[in-house]
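*Asks:* got a predicted structure plus its sequence, pasted below:
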Amino acid sequence: MLEIVDISVKFGGLVAVKNMNIKIEKGKIHSLIGPNGAGKTTLFNVITGVVKPINGKVIYKNKNLLDLKPEKIIYEGITRTFQNLQLFNFLNVYENIYTGIAYNFKGDIKQILSGESKKFDEEIKIKILEISELLGLKNRLSSYPSQLPYGVLKRIEIARAIVSEPELILFDEPAAGLNTQETSEIEDIFKLINKEKQITILLVEHDMSLVMKISDKITVMNFGEKIAEGTPDEIANNTQVIKVYLGETENA
Ligand SMILES: Nc1ncnc2c1ncn2[C@@H]1O[C@H](COP(=O)(O)OP(=O)(O)OP(=O)(O)O)[C@@H](O)[C@H]1O
């Protein structure tokens, strides 16, 4: 579905990603793990066009995504979430989720929200309600982000990412800052959107228990390079991976 081919990224003298190759298969949950600074987010930024690599290609539906402007990537059916929440504090939950499909209208967001846009129709409202129901947000739609707990805010971000019905979502540390209960909610949501909505997921996550439970495939990065790839079982038993993670614990 998405193929990262020989991607390298440099920031000044620092090689953040080196000759990375990853194949993400349609319908799967693929996780990208590795210690802090391994290059995971940089790779996400390459896929979404905000960081330009020094070489390589990102092939999606026979197109090189690197040829597209970042704002056009969403038209290809790819969305993402961010490590730090990027919700609009001046919009309520309904409106925040709405911004996930607003790009379809290429119009001014205020005009769209005020209902002036002709394309603001019942169909979209129904879709937002369906997604809110799915993610347990239905009774929060008129609240503003500042009134809500962090776990709920994370679910709003997910709702905004899936409301446009993408084929692929990139999740950047969705469980960061969540408690066990909230993480288990995220796990259920991921399974649901992967199986029921058939959305392929590329996940960057430090919560190993979550990664091991939901991934079909895991790629492990360290210092910008791929050091292992396989099923959760294969990764859990890979000596090089164990060494990297033990090293991290010892240095912590
Ligand atoms: N815009 C930038 N300018 C300079 N250096 C950067 C930039 N973005 C990332 N880096 C550096 O590139 C390396 C890879 O960073 P990246 O954020 O991709 O790692 P990561 O694996 O996502 O880490 P984490 O798990 O902590 O989020 C790090 O050394 C980081 O400091």
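*Replies:* It's in.

*Asks:* so how far is stretch 222-242 from its chain's centroid?
*Replies:* Taking Cα atoms, centre = their mean, to the nearest Å, one finds the center of stretch 222-242 at 21 Å from the center of the full chain.

*Asks:* what of stretch 64-80?
*Replies:* Centroid separation for stretch 64-80 versus its chain: 14 Å, with Cα atoms, centre = their mean.

*Asks:* how about it as PDB, C-alpha atoms only?
*Replies:* Provided in PDB are the C-alpha atoms of stretch 64-80 (Å, rounded to 0.1, in the frame of the first residue of the first chain):
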ATOM      1  CA  ASN A  64       5.700   9.300  -5.400                       C
ATOM      2  CA  LEU A  65       4.200  11.300  -2.500                       C
ATOM      3  CA  LEU A  66       7.400  13.400  -2.500                       C
ATOM      4  CA  ASP A  67       6.200  15.000  -5.700                       C
ATOM      5  CA  LEU A  68       3.000  16.300  -3.900                       C
ATOM      6  CA  LYS A  69       2.700  19.400  -1.700                       C
ATOM      7  CA  PRO A  70       2.000  18.600   2.000                       C
ATOM      8  CA  GLU A  71      -1.500  19.900   1.800                       C
ATOM      9  CA  LYS A  72      -2.400  17.600  -1.100                       C
ATOM     10  CA  ILE A  73      -1.500  14.400   0.800                       C
ATOM     11  CA  ILE A  74      -4.900  14.300   2.400                       C
ATOM     12  CA  TYR A  75      -6.500  14.000  -1.000                       C
ATOM     13  CA  GLU A  76      -4.700  10.700  -1.400                       C
ATOM     14  CA  GLY A  77      -6.500   9.300   1.600                       C
ATOM     15  CA  ILE A  78      -3.800   9.700   4.200                       C
ATOM     16  CA  THR A  79      -4.300  11.500   7.500                       C
ATOM     17  CA  ARG A  80      -2.200  11.700  10.700                       C
END
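
*Asks:* and the pLDDT for residue 110?
*Replies:* Looking at residue 110, its pLDDT reads 60.

*Asks:* should've said residue 13
*Replies:* Model confidence at residue 13, expressed as pLDDT, equals 89.

*Asks:* show me what from this structure comes close to the ligand.
*Replies:* Within the chain, the positions near the ligand by Cβ under 6 Å from any ligand atom are 11, 14, 16, 34, 36-42. Every C-beta, even on glycine, is put in place using the N, C-alpha and C of the backbone.

*Asks:* filter the residues you listed down to the buried ones.
*Replies:* 16, 34, 38-42 (16 or more other Cβ atoms under 10 Å).

*Asks:* from the residues you listed, which land in helices?
*Replies:* Among these, the members found in helices (DSSP state H) are 40-42.

*Asks:* quick one: secondary structure of residue 227?
*Replies:* strand (DSSP: H, G, I helix; E, B strand; the rest coil).

*Asks:* give me the number of residues near the one residue in the stretch 51-200 of the chain that gets nearest to the ligand?
*Replies:* In the stretch 51-200 of the chain, no residue comes nearer to the ligand than residue 83, which is 6.3 Å away by Cβ to the nearest ligand atom. Residue 83 has 15 neighbours, counted by other Cβ atoms under 10 Å.
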